[in-house]
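> Just the structure for this:
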Amino acid sequence: MDTAIGHIYIYYIYIFIYHIYIFIGQWILKDALEQEINKYVTHLTETGTNIIAPTTDENMSDVNSEVDDKILIITPVEGAGEKEADLIQQSIRSKNLPTKKLFKKPNGDVLLQCREKRNRQEALDILKEDFGSKISIKEDKVLTKLEFTVERERGDLPDKEALTQELLQDNEIDKYVHDSTLKVLITRKTRRGVVVIMLVDSMTKKFLSQHNLNKIKWNHGQYSLKDHMYVKYCFHCQGYGHWKKDCRNVAACKRCAGNHSVWECQNNVHSCVNCKKANIQYGRNYNIWHMAHHRDLCPSYRAVYNRERNRQL
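Residues are numbered from 1 along each chain as shown. Prediction:
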């Protein structure tokens, strides 16, 4: 009995000594690290080197760079022919012009965004030479949606117009971005806080990304920005690309893929109707054992999300 107690005492003594060594090691390492940092900062100060460059007009000049911030909306004139939009896309692609976006809208218009401003002028020359009066061309800003979340503790937000002005002022956007666009579209309350969705042009997005480190300032706080994305899907058939009110398909359960609504489902085993269809129709090897539209588990949702992301951004 005494031997066992002695072993316990020795064990606790070892633990005590071990923690003392750890504490002393951390203290010595922290002291040495602080000394090295102080030496480095002193060196930078003596040589006149800035650790972080201040925000100036000079280092903001690259925001208004040669990156194309306009999109061309090409509309075939009436009577030009149904295949005119396809011919427009073929003409641009055949010239190997560097483009970011080139696709046909359902109404027959063709949207074209080039990588640089000089490429846009080249595209205009090509279109005028190949199609002339068969098309009309309109230039517009490239607009995207961004979102950020304000925590509940920050209190209520002002109305959309006032919040837009405060964001422009707090981030000095008008000072550094020529002809900027920033407009708050929606403020939506969630459990985490208030989600703010805003519309910005490409130069304002670049400014916030590069010089604000993908954050936006408001009311003495900084909030992380991300692209606002949405995927259109139906709550009736669980398919993508349409809403429930426009659905003509057979009902499908979101939970088990059965031919009933989710409210009538009594099945405890989750199964995705979209991943099942993808495996059968397109030979995919998707995991089907999850609910439809699951953001983390559903391969079909991720595929549609990535396709919509490339289209919307």
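
> Please compute how far the helix or strand harbouring residue 275 lies from its chain's middle.
Take DSSP states H and E as the rule and residue 275 turns out to sit in helix 273-282. When distances are taken as CA atoms, centre = their mean, to the nearest Å, helix 273-282 is centred 28 Å away from the chain's centroid.

> which residues in the chain form strands?
Along the chain, counting by DSSP state E, strands occupy 70-76, 99-104, 110-114, 135-141, 143-151, 182-189, 193-201, 215-218, 221-224, 226-227.

> what's next to stretch 239-247, contact-wise?
Stretch 239-247 is touched from outside by 231-237, 249, 252, 274, 300, 304, with contacts defined as CB atoms under 8 Å, 6 or more residues apart in numbering. Placement of C-beta: from N, CA and C, glycine included.

> re the thing from before, which of the strands of the chain is buried the deepest?
Sort those by mean neighbour count, taking mean count of other CB atoms under 10 Å, and strand 110-114 sits at the top with a mean of 21.

> In PDB, list the C-alpha atoms belonging to the helix holding residue 275.
Written as PDB, here are the backbone C-alpha positions of helix 273-282 (Å, rounded to 0.1, in the frame of the first residue of the first chain):
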ATOM      1  CA  VAL A 273     -33.500  12.200 -56.100                       C
ATOM      2  CA  ASN A 274     -31.100  14.400 -58.200                       C
ATOM      3  CA  CYS A 275     -28.000  12.300 -57.500                       C
ATOM      4  CA  LYS A 276     -30.000   9.200 -58.400                       C
ATOM      5  CA  LYS A 277     -31.000  10.700 -61.700                       C
ATOM      6  CA  ALA A 278     -27.400  11.800 -62.400                       C
ATOM      7  CA  ASN A 279     -26.100   8.300 -61.800                       C
ATOM      8  CA  ILE A 280     -28.700   6.700 -64.100                       C
ATOM      9  CA  GLN A 281     -28.900   9.300 -66.900                       C
ATOM     10  CA  TYR A 282     -25.300  10.500 -67.100                       C
END
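
> Adding distance to residue 261, write the strands of the chain out as TSV.
TSV is the format used below for the strands of the chain (distance: least, CB to CB, whole Å):
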stretch	distance to residue 261
strand 70-76	41
strand 99-104	35
strand 110-114	38
strand 135-141	42
strand 143-151	31
strand 182-189	26
strand 193-201	28
strand 215-218	41
strand 221-224	37
strand 226-227	32
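
> how about those strands in JSON lines, adding mean pLDDT and distance to residue 127?
As requested, the strands of the chain are arranged in JSON lines below (pLDDT from 0 to 100; distance: least, CB to CB, whole Å):
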{"stretch": "strand 70-76", "mean pLDDT": "87", "distance to residue 127": "7"}
{"stretch": "strand 99-104", "mean pLDDT": "83", "distance to residue 127": "12"}
{"stretch": "strand 110-114", "mean pLDDT": "87", "distance to residue 127": "9"}
{"stretch": "strand 135-141", "mean pLDDT": "87", "distance to residue 127": "6"}
{"stretch": "strand 143-151", "mean pLDDT": "88", "distance to residue 127": "22"}
{"stretch": "strand 182-189", "mean pLDDT": "90", "distance to residue 127": "30"}
{"stretch": "strand 193-201", "mean pLDDT": "91", "distance to residue 127": "23"}
{"stretch": "strand 215-218", "mean pLDDT": "91", "distance to residue 127": "37"}
{"stretch": "strand 221-224", "mean pLDDT": "90", "distance to residue 127": "40"}
{"stretch": "strand 226-227", "mean pLDDT": "86", "distance to residue 127": "30"}
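
> Can you select the buried ones among the contacts of stretch 239-247 for me in ChimeraX?
Selection of buried members from the contacts of stretch 239-247 for ChimeraX, criterion 16 or more other CB atoms under 10 Å:
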select :231,233,234,235,236,237,252,274,300,304
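
> Could you export the contacts of stretch 239-247 to a markdown table, including columns for distance to residue 289 and pLDDT?
Converted to a markdown table, the contacts of stretch 239-247 look like this (distance: CB to CB, whole Å; pLDDT from 0 to 100):
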| residue | distance to residue 289 | pLDDT |
| --- | --- | --- |
| 231 | 21 | 83 |
| 232 | 25 | 86 |
| 233 | 19 | 88 |
| 234 | 22 | 91 |
| 235 | 21 | 91 |
| 236 | 22 | 92 |
| 237 | 20 | 92 |
| 249 | 23 | 91 |
| 252 | 16 | 93 |
| 274 | 13 | 94 |
| 300 | 13 | 92 |
| 304 | 19 | 88 |
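
> Among the contacts of stretch 239-247, which one lies nearest to residue 77?
Residue 77 has its nearest neighbour among these in residue 232, at 30.9 Å by CB to CB.
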